[in-house]
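**Student:** Need a 3D model of the following:
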Amino acid sequence: MVEDLSLPQQGYVEIIDGLMRERGQGRMTDVAGRMDVSLPSASEAVKRLVELGIALRIRPLGGALTPEGRRVANQR
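**Tutor:** The predicted structure is shown next:
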């Protein structure tokens, strides 16, 4: 699965994984800040990861990784 993700998508997975380990979830504002992108850009990227089954969108604040997403994060 990791080979199917673009480098930026892999970066989002790593950042969300790190935030989950640090804080229990990846808030969109934190994800955007760490990726140095706008909040709408981060939201769109996470939306795509949700569509791929890699992440879950936790409203209103952020996202988390699915078991598949955790597997991808651990492959890196």
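
**Student:** Now do the helices in the chain.
**Tutor:** Using DSSP state H, the helices assigned to the chain run over residues 7-23, 28-35, 39-51, 67-75.

**Student:** between these, which gets the lowest average pLDDT?
**Tutor:** Note on these: lowest mean pLDDT is at helix 67-75, with a mean of 83.

**Student:** Just list what that helix packs against, helices and strands only.
**Tutor:** If you count contacts as 3 or more C-beta pairs under 8 Å, 6 or more residues apart in numbering; DSSP states H and E, helix 67-75 packs onto helix 7-23. In this view, the C-beta of every residue, glycine as well, is placed from N, C-alpha and C.

**Student:** returning to what we had before: output the helices of the chain as a markdown table; include the columns distance to residue 58 and mean neighbour count.
**Tutor:** Converted to a markdown table, those look like this (distance: least, C-beta to C-beta, whole Å; neighbours: other C-beta atoms under 10 Å):
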| stretch | distance to residue 58 | mean neighbour count |
| --- | --- | --- |
| helix 7-23 | 10 | 17 |
| helix 28-35 | 10 | 18 |
| helix 39-51 | 10 | 17 |
| helix 67-75 | 13 | 16 |
